[in-house]
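Chemist: How does the following fold in three dimensions:
(one chain, ligands or ions: 1)
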Amino acid sequence: MVKTNVRNMNDLLTLLDKGLIVSCQPVPGSAMDKPEIVAAMACAALDGGAVALRIEGIRNIEAVRRATDAPVIGIIKRDLPDSDVRITPWLEDVDALSAAGADIIAFDVTQRFRPVPVEALYQRAREAGCLTMADASCLEDGLLAQKLGCDFIGTTLSGYTQTPVPEAPDIALVRALAQAGCRVIAEGRYNSPALAAEVMAAGAYAVTVGSAVTRIEHICGWFCKAIAQNEQNKLTGF
Ligand SMILES: CC(=O)N[C@H](C=O)[C@@H](O)[C@H](O)[C@H](O)COP(=O)(O)O
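Modeler: Numbering: from 1, shown residues only. Below is the predicted model:
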């Protein structure tokens, strides 16, 4: 088992401070989408220096819990027929995540039509003894969640409430939230070590990296695109 030394809230905050969180979320239905592979990715990430994990789904969290006591940010993703909110939309999701051993429960705090109010999700997570992470899309989302008492404000959903999704991460949002006094977890498109370092300098408390570490399909796609672009440039003389 990969052991950490988290005993209380202060230990957790110290551990996360300026740390790398790795999101181990395989492409759904892919060759990597198996709880034992998620747990192996989580252990490898911790061996590489990650201080915490972001894990989707109960079976995956249970598998990770069997492998390590490192802090887990738990989420459940759902495709709802009548709402664009995907991340931890139901109170039952909060209950299941806490029962599975998540330390921090993350949920969508965007101001979109949703089945359960953000306040109720927050209360439920607190009653379960978990910390809370607000997955925000903009400054207003983040500030409302901060006012509510959420422990961490994530920039997770910036760029995902509209199309097309931008290529660059939203460092300006991290800076604005940090300046407003939020404990910000920078998340979303931090696809290089340089970007992760840059966002720390912008005031992030921690940074979460997913695709660039754990989604082989995305990483290969980036390489293939760059190679194809280079070949195209040669043909067109650029
Ligand atoms: C928008 C959304 O649903 N984001 C999800 C949130 O859990 C994940 O699909 C992302 O992989 C995660 O946020 C990490 O981001 P990136 O993979 O860009 O490092």
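
Chemist: All the strands of this structure, residue numbers only.
Modeler: Along the chain, the segments classed as strands by DSSP state E run 19-23, 52-56, 72-75, 104-108, 131-135, 152-154, 184-187, 206-209.

Chemist: The fourth one vs strand 19-23, what angle?
Modeler: Read it as strand 104-108. Interaxial angle of strand 104-108 relative to strand 19-23 (axes from the mean of the first three to the mean of the last three C-alpha atoms, to 10 degrees): 60 degrees.

Chemist: Now tabulate the strands of the chain in a markdown table and tack on mean neighbour count and mean pLDDT.
Modeler: Heads up, the C-betas are built off the backbone N, CA and C, glycines and all. Shown next, in a markdown table, are the strands of the chain (neighbours: other C-beta atoms under 10 Å; pLDDT from 0 to 100):
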| stretch | mean neighbour count | mean pLDDT |
| --- | --- | --- |
| strand 19-23 | 23 | 99 |
| strand 52-56 | 27 | 98 |
| strand 72-75 | 28 | 98 |
| strand 104-108 | 27 | 98 |
| strand 131-135 | 27 | 98 |
| strand 152-154 | 28 | 98 |
| strand 184-187 | 30 | 98 |
| strand 206-209 | 25 | 99 |
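
Chemist: Export the ones you listed as CSV, with columns for distance to residue 118.
Modeler: As requested, the strands of the chain are arranged in CSV below (distance: least, C-beta to C-beta, whole Å):
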stretch, distance to residue 118
strand 19-23, 21
strand 52-56, 19
strand 72-75, 15
strand 104-108, 7
strand 131-135, 8
strand 152-154, 12
strand 184-187, 17
strand 206-209, 20
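
Chemist: Can you tell me which residues in the protein are near the ligand?
Modeler: The chain has residues 23, 25, 75, 156-157, 160, 187-190, 208-212 near the ligand, with proximity defined as C-beta under 6 Å from any ligand atom.

Chemist: Now do the helices in this structure.
Modeler: Remark: helices assigned in the chain by DSSP state H are 9-16, 35-47, 58-67, 91-100, 118-127, 139-148, 171-179, 193-201, 211-214, 216-236.

Chemist: Out of these, which is closest to residue 82?
Modeler: helix 91-100 (16.4 Å; C-beta to C-beta).

Chemist: Just the C-alphas of the closest one, formatted as PDB.
Modeler: What follows is helix 91-100, C-alpha atoms only, in PDB (Å, rounded to 0.1, in the frame of the first residue of the first chain):
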ATOM      1  CA  LEU A  91     -27.300  13.700  -3.100                       C
ATOM      2  CA  GLU A  92     -27.100   9.900  -3.400                       C
ATOM      3  CA  ASP A  93     -23.800  10.400  -5.300                       C
ATOM      4  CA  VAL A  94     -22.400  12.400  -2.300                       C
ATOM      5  CA  ASP A  95     -23.400   9.600   0.100                       C
ATOM      6  CA  ALA A  96     -21.900   6.900  -2.100                       C
ATOM      7  CA  LEU A  97     -18.600   8.800  -2.600                       C
ATOM      8  CA  SER A  98     -18.200   9.300   1.200                       C
ATOM      9  CA  ALA A  99     -19.100   5.600   1.900                       C
ATOM     10  CA  ALA A 100     -16.500   4.600  -0.700                       C
END
